[in-house]
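> build the 3D model from these lines:
(one chain, ligands or ions: 1)
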Amino acid sequence: MALSKTVQTALNDQIGREFYSAYLYLSMSAYCGSRNLPGFAHWMMLQAKEEAGHAMKIYGFIEDRSGRVMLQAIDKPPSDFKSPLELVTKVRQHEEMVTEELNKLYALAASEHDYATQIFLEWFLTEQVEEEKSSSQLVERVKMVGDNQGALLLIDRELGARSAAS
Ligand code: MG
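Below is the predicted model:
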């Protein structure tokens, strides 16, 4: 069954959101690097790569369904943040927004009786549970740091140890 135009458009929009996510994390990585937080920068860079991977997964799915990939404009991400806490809070907000959009996409696929797209999207919805969990943990931990720069450096070291797989 070919993709309906509505589902195809929604999937193309999601490609744009995933690339925007990659762009946002890349911008955050640059900011963290400039603030001498190499661990945060590393973590954000891995996020950026993951997000570009998500975009490509959808790209491949559209092609597998004989649909047409049509790339949309990507917004300019913020490049300045007041503090590491503001930055990680934005990460959490962003991931919550992505979950909402994926939920809408899933509901759309359901209303169009597009079961293959629903099954495809399940991987993304599961991934969002992980993204929301890790970003919430990050916010809570950076909150605990307060003005303690030493504690911030400890978190930085830990984030620096993240491997590409997780
Ligand atoms: Mg994603």
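
> drop to CA atoms for contacts and neighbour counts, all remaining ones
Noted.

> how many other residues sit next to Leu159?
19 (other CA atoms under 10 Å).

> which strand or helix spans it?
helix 149-160 (DSSP states H and E).

> if I pick Phe19, what's in contact with it?
Glu51, Ala52, Ala55, Ile74 (CA atoms under 8 Å, 6 or more residues apart in numbering).

> ok, those vs Thr6, which is closest?
Nearest to Thr6 among the contacts of Phe19: Ala55, at 18.2 Å, using CA to CA.

> what's that closest one sitting at in phi/psi?
Main-chain dihedrals, Ala55, degrees, to the nearest 10: phi -60, psi -40.

> I'd say it and Ile15 touch.
Yes - using CA atoms under 8 Å, Ala55 is in contact with Ile15, at 4.7 Å.

> looking at these two, which one has more neighbours?
Between Ala55 and Ile15, Ile15 has the larger neighbour count (other CA under 10 Å), namely 25 against 21.

> what about stretch 23-38, distance to the chain center?
15 Å (CA atoms, centre = their mean, to the nearest Å).

> got it, and stretch 158-166?
On CA atoms, centre = their mean, the centre of stretch 158-166 falls 16 Å from the chain's centre.

> could you do stretch 28-39 as well?
In terms of CA atoms, centre = their mean, the centre of stretch 28-39 is set 18 Å apart from its chain centre.

> contacts for it?
Everything outside stretch 28-39 that qualifies as a contact, by CA under 8 Å, 6+ apart, is 40-45, 79-81, 84, 87, 153, 155-161.

> and for stretch 3-14?
Contacts for stretch 3-14 (CA under 8 Å, 6+ apart): 55, 58-59, 62, 65-72, 101-102, 105, 108-109, 112, 114.

> give me the ChimeraX select line for the contacts of Phe19, limited to the buried ones.
Only the buried members of the contacts of Phe19 enter the following ChimeraX selection, criterion being 16 or more other CA atoms under 10 Å:
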select :51,52,55
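
> so who does the residue nearest the centre of the chain touch?
The centroid of the chain falls nearest to Ser21 when counting by CA atoms, centre = their mean (4.6 Å). Applying CA under 8 Å, 6+ apart to Ser21 gives the contacts Ala48, Glu51, Ala52.

> the last one reaches Leu26, doesn't it?
Put plainly, it is Ala52. No - using CA under 8 Å, Ala52 is not in contact with Leu26, being 10.5 Å away.

> Three-state assignment for Gly67, please.
coil (DSSP: H, G, I helix; E, B strand; the rest coil).
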